[in-house]
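Student: Below is the sequence, then the predicted model.
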Protein chains: 2
Amino acid sequence: MNNDKVKPTASELEILNILWSKGPSTVREIHEVLELNKDAGYTTTLKLMQIMNEKNLLKRDETTKSHVYSANVSKERMQGQMVKGMIDTMFNGSASQLVMQALGNHKANAKELDEIRKYLDAMDKKK
Amino acid sequence: MNNDKVKPTASELEILNILWSKGPSTVREIHEVLELNKDAGYTTTLKLMQIMNEKNLLKRDETTKSHVYSANVSKERMQGQMVKGMIDTMFNGSASQLVMQALGNHKANAKELDEIRKYLDAMDKKK
DNA sequence: TTTGTCTTACGAAATAATTCGTAGGTTAAA
DNA sequence: TTTAACCTACGAATTATTTCGTAAGACAAA
């Protein structure tokens, strides 16, 4: 049951995002959300989700006529994987470089900055 | 001269990384670095760089027999673009969420954390 | 001059990702 | 029971990306 290091394509990520926010859904439900932003046929969405299922990116419940799919990877795990990839390929392995790039270009508001500070303090305390 | 929003593939990114660190180089020079980690023929590297040139990801100087290529987009700009993409697709548009994910999983050392704190303070002062 | 080495250009094969048409099954309403 | 509206599976077309072979020119050493 190989499940590691599976790197979703951009289209697959769109589907995962919908599943993460809506929870378990049928192809039809996912397709309706996708249709809002792009146009593609229903069977395209179906096929994509079937492939994602084979790759173990999704799992599905076949007990009902319309199969119900859900993400088989947590959003957090995927975020971690992608952030790591980014740090490795674009920031010479330095997390703090990425952090500063992120803060520099996308102004977080005062509340967010405060959250980050608290986070930093908590990390200090921990070790 | 369309140059915006060009999203490099993984292979293209490898080449850009080498150019960013080595500076202007010939295909041969880039190819030798690439060969250290993967194997691919010389003309593969050549073709890739030619395509990148067409896409304006690279520019080239043809005055010498061996053309000299250089990155036509700065590393910083590309970092910004990619971080933005990541924030939009995986972190609901919140930079600070990405920051915390990055800090949580990749322990920066004390010195780095300090840098970040200074960075935060500087941002506060600014506005 | 001839040969060998290196270069670019370019067409096209190989591989990967996306898209879609069609066949066949289930179900519910007419 | 017939029809209409769904659903899944699946092969195959389309498009994108990566890879490579081959041709043709430049150049230097023999």
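Tutor: Good, I have the coordinates. Numbering: from 1, shown residues only, chains lettered A, B, ... in the order given.
Student: which SSE is residue A:85 in?
Tutor: helix A:75-90 (DSSP states H and E).
Student: helices or strands up against the helix or strand immediately after that helix in the chain?
Tutor: On the C-terminal side of helix A:75-90, the nearest following helix or strand under DSSP H and E is helix A:95-105. Where contact means 3 or more CB pairs under 8 Å, 6 or more residues apart in numbering or on different chains; DSSP states H and E, helix A:95-105 is packed against helix A:75-90, helix B:75-90, helix B:95-105, helix B:110-126. Placement of C-beta: from N, CA and C, glycine included.
Student: wait, which of those helices is closest to DNA strand C?
Tutor: Taking CB to the nearest atom of the strand, helix B:75-90 is the member of the helices and strands packed on helix A:95-105 nearest to DNA strand C, at 12.9 Å.
Student: Briefly note if the closest one comes near chain A.
Tutor: Yes: counting by CB under 8 Å from any CB of the partner chain, contacts between helix B:75-90 and chain A involve B:75, B:76, B:78, B:79, B:80, B:82, B:83, B:84, B:86, B:87, B:89, B:90.
Student: which parts of chain A sit against DNA strand C?
Tutor: Neighbours of DNA strand C within chain A, by CB under 7 Å from any atom of the strand: A:9-12, A:38, A:40-41, A:43-44, A:46-48, A:51, A:65.
Student: and the nearest residue in space to residue A:112 that is not next to it in sequence, what pLDDT?
Tutor: Spatial nearest neighbour of residue A:112, excluding adjacent residues (CB to CB, 6 or more residues apart in numbering or on different chains): residue B:96 at 3.9 Å. pLDDT, residue B:96: 88.
Student: From what I see, residue B:96 and residue A:118 are in contact.
Tutor: No: the criterion here is CB atoms under 8 Å, and residue B:96 misses it with residue A:118 at 11.0 Å.
Student: With neighbour numbers in mind, choose between those two.
Tutor: residue B:96 (22 against 11; other CB atoms under 10 Å in any protein chain shown).
Student: What residues does that one make contact with?
Tutor: Residues in contact with residue B:96 (CB atoms under 8 Å, 6 or more residues apart in numbering or on different chains) are A:108, A:112, A:113, A:115, A:116.
Student: out of those, who's nearest residue B:26?
Tutor: residue A:108 (42.7 Å; CB to CB).
Student: quick one: is stretch A:44-55 near DNA strand D?
Tutor: Yes: on the criterion CB under 7 Å from any atom of the strand, stretch A:44-55 is in touch with DNA strand D at A:46, A:47, A:50.
Student: The last one is in what secondary structure piece?
Tutor: Translated: residue A:50. Assigned by DSSP H and E, residue A:50 falls in helix A:42-54.
Student: and that helix, what does it pack onto?
Tutor: helix A:10-22, helix A:27-37, strand A:58-61.
Student: can you list those in TSV and add mean neighbour count?
Tutor: TSV is the format used below for those (neighbours: other CB atoms under 10 Å in any protein chain shown):
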stretch	mean neighbour count
helix A:10-22	17
helix A:27-37	15
strand A:58-61	16
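Student: would TSV of these with distance to residue B:60 be doable?
Tutor: Listed next are the helices and strands packed on helix A:42-54 as TSV, based on distance: least, CB to CB, whole Å:
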stretch	distance to residue B:60
helix A:10-22	29
helix A:27-37	37
strand A:58-61	44
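Student: between those, which one is nearest to residue B:123?
Tutor: Comparison of those against residue B:123 by CB to CB identifies helix A:10-22 as nearest, at 29.2 Å.
Student: Pick the most buried one from the helices and strands packed on helix A:95-105.
Tutor: Ranked by mean neighbour count, these are led by helix B:95-105 with a mean of 22 (mean count of other CB atoms under 10 Å in any protein chain shown).
Student: low-confidence ranges in chain A?
Tutor: A:1-5, A:107-108, A:126-127 (pLDDT under 70).
Student: So which residues on it come close to chain B?
Tutor: Counting by CB under 8 Å from any CB, chain A sits next to chain B at A:10, A:13, A:17, A:75-76, A:78-80, A:82-84, A:86-87, A:89-91, A:94-96, A:98-103, A:105-108, A:110, A:112-113, A:115-117, A:119-120, A:123-124.
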